[in-house]
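S.K.: sequence unknown, structure follows:
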């Protein structure tokens, strides 16, 4: 039995198939997990469209476009990493994994800068819920949605970076002949999914109002 | 067993590059359309259609979904369908309530 | 000790779950005991109203999320699924162990919330009460439930992949035991509904902990939206609780009727149908919550539709017994109790799904009685039936059949006395979740409390004689009931990788009872 096969499986293709099914089942639950946020978004947008017109322009669509490009490039390098993991080309595998990590880290850095920028301008989601004389739906409502949606996404990117670091380390230490494709494929599927979430968040938030 | 003959799910460099270019072009398109003066409904519809197209490209090529087993494809489909149902019923409920 | 805590053997992990969940069940039961003692008198005299609120909330949270939802899948399912498939283990053994640790972590968080003073929101955590007004430990508790949910997602993924990819050669889909079909349907719900609850609870924690208005109407949020999310999970969740129970019954009835299940394919399909319909009925919890009339009509109609696949199952069980040779063992008594009580629970569910009737019955004891009839009368009966059916396989020992039957009958009597009065209380309009009540309801409340005492005896007895069987019980042999199914083709208890020789497995008709081996247990002569 080759090194890469784990119990209870006895052959590699069977194991890859099972990992793919398991990972897609996990992504299925992620679809519903993020789905709640998109339903929350829809509910607010249908009931209070004026919030999006008023506060949408406060979001930086130019930076967000750069962030989108960074994530798309990272998906590209990730797809190649999966290929190199299965073909057992160790050098290229490590290189593409590192490239994916750098692009992901760049995305998070821009996100962090954006958060700091909003908070510094007083665009905060935090309100005193016990205050019954609250001003009603307003900037805090819009930024509450923005921070919650992008925050959950950013946490998923962070989780992806941890997984990628672990893969890179494993690839570094493993002789080329023992490289295992399935774990890289599983992390790859996750990474692409997180990318897809952003592909919806980008127009939903940053392009909700006509950019100026 | 000779595992070098195993099916490799990930796309080739050429296919991945093509998809990347398409994704970048679609990103440019969605930003460009957002700058035009259109009704809000058209804006939302085009933006979400383009996002769905991009997601489909990623799922089909980067995530090699069409090459997976029938069970895997079905599961992905069911998850998407359930989200659609949740979204639809909540929206229908809000619409029928009227106002906030 | 260490070998147990680091085990990846699905059978050992199942037993870890059994131990953990028995503790939670005991705790939830003790909380219920305090509730029933308080309700024996009309005044709120044993505990204050605020304490009462915390007690019923913790009873609900612990029983629903730490016993009813995980119990049959993570104990019986975990133990039996690979055996029934002729597989050495689940597809991802380490993920299986991780799910137990996540479950324990969730339980500890919830217990911490309880020790710190508990919470008073009800197990439904409705906003804005839970996020703005409640002065209790909501954040800790919802994070605990979040972790319990994550653990069940892991279990669900593991089961789906195992059923698809690790069936023994020749074990086609239409040769799968009906218990496996029900676990498959359950796993689909676990994987696809739980994340909705998970995110919703995180949003509650964020709204309350960070003061970000999400569901709060004062900042433009919608409490109704919270209810949509909550019930999108929590209605399918009752099918998570009952479907595996139905699967157990579908194993027990053919074995003790010595007959093939009537309409096998329909029963298998009905599990999937219940899972699918179960996703489409969440709004029937919101008929009087301000949901639109249009949505209510749609949800009411769909709720009636769920009765069809449920009816198919009841019909199949009756059809299996018809012209079978019925053998009234302990598991069979539980199965018969299940059929009767599930029918009552399901029928009263239809009453609640009726729009006009629900206006009267909503939030009364009728709802409490309906829910407990399905859960205690249905799911718990199935759980105990399954526990007794497979106990000889799991422990390798036979328990006292006499005590088993006595306990089963005590449970049935205790159950009926506890919950039938509550149906009447509900139709008379007594609201649920109150520590005190007008004196004219005291007779029925007293009956209910008396019944609960009998019920408690019925729960303690199996704990005693099952544990005693470990020491004093006679060896069970490989197949004491003369049952079909691959799990009976290995030793009791099974060896570490389940089958000493995978090659000798005979895979065929899963319910070939006309040609099944003879039972080896004493007293089987009257079969």
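M.R.: Structure received. Since we're looking at a predicted model, the values are computed, not measured.
S.K.: If we ignore the residues flanking it in sequence, what's nearest residue C:39?
M.R.: residue C:445 (5.1 Å; Cβ to Cβ, 6 or more residues apart in numbering or on different chains). The C-beta positions use only the backbone N, C-alpha and C, and glycine is treated the same way.
S.K.: Quick check: mean pLDDT of the strand or helix carrying the one you found?
M.R.: Assigning secondary structure by DSSP states H and E places residue C:445 in helix C:442-472. Averaged across helix C:442-472, pLDDT comes to 95.
S.K.: now that helix, how far from the chain's geometric center?
M.R.: 18 Å (Cα atoms, centre = their mean, to the nearest Å).
S.K.: Flag every buried residue along that helix.
M.R.: C:444-456, C:458-459, C:461-462, C:465-466, C:469 (16 or more other Cβ atoms under 10 Å in any protein chain shown).
S.K.: Below-threshold pLDDT in chain C: ranges please.
M.R.: C:522-527 (pLDDT under 70).
S.K.: For chain B, what's the nearest residue on it?
M.R.: Of all residues in chain C, the one sitting closest to chain B is residue C:292 (3.5 Å; Cβ to the nearest Cβ).
S.K.: pretty sure that residue is touching residue B:96, no?
M.R.: Yes - Residue C:292 is within contact range of residue B:96, at 3.5 Å (criterion: Cβ atoms under 8 Å).
S.K.: Doesn't residue C:327 lie inside a helix?
M.R.: No - Residue C:327: not assigned to a helix; according to DSSP: H, G, I helix; E, B strand; the rest coil it is coil.
S.K.: and it, how many residues sit next to it?
M.R.: 18 (other Cβ atoms under 10 Å in any protein chain shown).
S.K.: Surely it is in contact with residue C:258?
M.R.: Yes - the criterion here is Cβ under 8 Å, and residue C:327 meets it with residue C:258 at 7.0 Å.
S.K.: Return the residues in contact with residue 29.
M.R.: You didn't pick a chain, so chain A it is. B:79, C:153, C:157, C:191, C:192, C:194, C:195 (Cβ atoms under 8 Å, 6 or more residues apart in numbering or on different chains).
S.K.: Can you look at chain B instead?
M.R.: Each residue near residue B:29 by Cβ under 8 Å, 6+ apart is listed here: residue B:50.
S.K.: in what helix or strand does it lie?
M.R.: Following DSSP H and E, one finds residue B:29 within helix B:13-35.
S.K.: And that helix, how far out from the chain middle?
M.R.: 13 Å.
S.K.: buried stuff in it?
M.R.: Buried, per 16+ other Cβ under 10 Å, within helix B:13-35: B:16, B:19, B:20, B:23, B:24, B:26, B:27, B:30, B:31, B:33, B:34.
S.K.: State the distance from the first one to residue B:59.
M.R.: Relative to residue B:59, residue B:16 is positioned 14 Å away (Cβ to Cβ, to the nearest Å).
S.K.: just the fifth one next, same as before
M.R.: With distances taken as Cβ to Cβ, residue B:24 is found 17 Å from residue B:59.
S.K.: Now do the contacts for residue C:31.
M.R.: C:55, C:56, C:58, C:59, C:62.
S.K.: Can you tell me which of those end up in helices?
M.R.: C:55, C:56, C:58, C:59, C:62 (DSSP state H).
S.K.: top of those by neighbour count?
M.R.: residue C:62 (28 neighbours).
S.K.: And it, how close does it get to residue C:346?
M.R.: Separation of residue C:62 from residue C:346 (Cβ to Cβ): 25 Å.
S.K.: Same check on residue C:121?
M.R.: Taking Cβ to Cβ, one finds residue C:121 at 28 Å from residue C:346.
S.K.: List the contacts of the residue in the stretch 251-400 of chain C that chain A sits nearest to.
M.R.: The stretch 251-400 of chain C approaches chain A most closely through residue C:279 (10.5 Å), counting by Cβ to the nearest Cβ. Residue C:279 sits next to B:82, B:85, C:189, C:192, C:193, C:232, C:236 when contact means Cβ under 8 Å, 6+ apart.
S.K.: tell me which element the fifth one is part of?
M.R.: This points to residue C:193. helix C:178-210.
S.K.: And that helix, what does it pack against?
M.R.: helix A:12-47, helix A:139-173, helix B:70-97, helix C:78-85, helix C:138-165, helix C:223-257, helix C:264-278 (3 or more Cβ pairs under 8 Å, 6 or more residues apart in numbering or on different chains; DSSP states H and E).
S.K.: Distance from it to the middle of the chain?
M.R.: That offset, for helix C:178-210, works out to 15 Å (Cα atoms, centre = their mean).
S.K.: Tell me the buried residues in it?
M.R.: Buried residues in helix C:178-210 (16+ other Cβ under 10 Å): C:178-208, C:210.
S.K.: Check stretch C:130-137 too.
M.R.: C:130, C:131, C:132, C:134, C:136, C:137.
S.K.: next one: stretch A:170-184
M.R.: Result for stretch A:170-184 [16+ other Cβ under 10 Å]: buried residues A:171, A:174, A:179, A:180, A:181, A:182, A:183, A:184.
S.K.: same deal with stretch C:315-324?
M.R.: Taking 16+ other Cβ under 10 Å as the criterion, stretch C:315-324 shows C:316, C:317, C:319, C:320, C:321, C:324 as buried.
S.K.: What of stretch C:165-173?
M.R.: C:165, C:166, C:167, C:168, C:171.
S.K.: same thing with stretch A:89-98?
M.R.: With burial defined by 16+ other Cβ under 10 Å, the residues of stretch A:89-98 counted as buried are A:90, A:93, A:94, A:95, A:96, A:97, A:98.
S.K.: Return the subset of the residues you listed lying in helices.
M.R.: A:90, A:93, A:94, A:95, A:96, A:97, A:98.
S.K.: quick one: which of those is nearest chain B?
M.R.: residue A:96 (10.4 Å).
S.K.: That closest one reaches residue A:76, doesn't it?
M.R.: No - Residue A:96 lies out of contact with residue A:76 (Cβ under 8 Å); the separation is 9.1 Å.
S.K.: Could I get the contacting residues of the residue of chain C closest to chain B?
M.R.: By Cβ under 8 Å, 6+ apart, the neighbours of residue C:292 are B:92, B:93, B:94, B:95, B:96, B:97.
S.K.: show me which of those neighbour chain C.
M.R.: B:92, B:93, B:94, B:95, B:96, B:97 (Cβ under 8 Å from any Cβ of the partner chain).
S.K.: Residue C:104: which of the residues you listed is nearest?
M.R.: residue B:93 (38.2 Å; Cβ to Cβ).
S.K.: So the nearest residue to that closest one once chain neighbours are set aside versus residue C:502, what's the distance?
M.R.: Nearest in space to residue B:93, with sequence neighbours left out and distances taken as Cβ to Cβ, 6+ apart, is residue C:295 at 4.4 Å. The gap separating residue C:295 from residue C:502 is 52 Å, by Cβ to Cβ.
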